[in-house]
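Undergrad: got a structure for you, letters missing:
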């Protein structure tokens, strides 16, 4: 599908909550692998709920793998995650209907 002449193409955001979360997840992948939601929230400077929602969408679409499920009632029993599909610097966009668009590859997943 071509674009209309004179129409501007919107560039992927390079600031904001999800961009910071995505960059932090990529940083943890390069430095050792597994991470917890609270660690990503602390390093990226975002809320735990924002990270949890974004990571939940990434898990559903196969970008992030749950290495160890959470263990309620256990000290430091939070789930461990690992990034398994690093497609580039821009964060995947999780839409309201649950589908995902990856601006790095141009791919859409239902």
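TA: Arrived safely, thanks for sending. Quick caveat, the model's predicted, so the values are computed rather than measured.

Undergrad: same for the top helix by length along the chain, what does it pack against?
TA: Counting by DSSP state H, the longest helix found in the chain is helix 17-31. Judged by 3 or more C-beta pairs under 8 Å, 6 or more residues apart in numbering; DSSP states H and E, helix 17-31 is in contact with helix 37-44, helix 48-60, strand 80-83. In short, each C-beta sits where N, CA and C put it, glycine included.

Undergrad: report the angle between it and helix 37-44.
TA: Between helix 17-31 and helix 37-44, the angle comes out at 110 degrees (axes from the mean of the first three to the mean of the last three C-alpha atoms, to 10 degrees).

Undergrad: low-confidence ranges, the chain, go.
TA: Along the chain, the parts satisfying pLDDT under 70 run over 1-14.

Undergrad: returning to that earlier point: could the helices and strands packed on helix 17-31 be laid out in a markdown table, adding mean neighbour count and distance to residue 31?
TA: Formatted as a markdown table, the helices and strands packed on helix 17-31 follow (neighbours: other C-beta atoms under 10 Å; distance: least, C-beta to C-beta, whole Å):
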| stretch | mean neighbour count | distance to residue 31 |
| --- | --- | --- |
| helix 37-44 | 18 | 11 |
| helix 48-60 | 17 | 17 |
| strand 80-83 | 19 | 11 |
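
Undergrad: check which residues of the longest helix of the chain are buried.
TA: By neighbour count on 16 or more other C-beta atoms under 10 Å, the buried set for helix 17-31 is 17-25, 28-29.

Undergrad: what of stretch 62-74?
TA: By neighbour count on 16+ other C-beta under 10 Å, the buried set for stretch 62-74 is 63-64.

Undergrad: what is the nearest of the buried residues of helix 17-31 to residue 77?
TA: Set against residue 77, the nearest of those by C-beta to C-beta is residue 28 (19.1 Å).

Undergrad: what's the neighbour count on residue 78?
TA: Look at residue 78: counted by other C-beta atoms under 10 Å, it has 17 neighbours.

Undergrad: my read: it touches residue 40, true?
TA: No - taking contacts as C-beta atoms under 8 Å, residue 78 lies outside contact range of residue 40: 10.9 Å.

Undergrad: taking the buried residues of helix 17-31 together, which two end up most distant?
TA: Longest distance between any two of the buried residues of helix 17-31 is 19.0 Å, between 17 and 29; criterion C-beta to C-beta.
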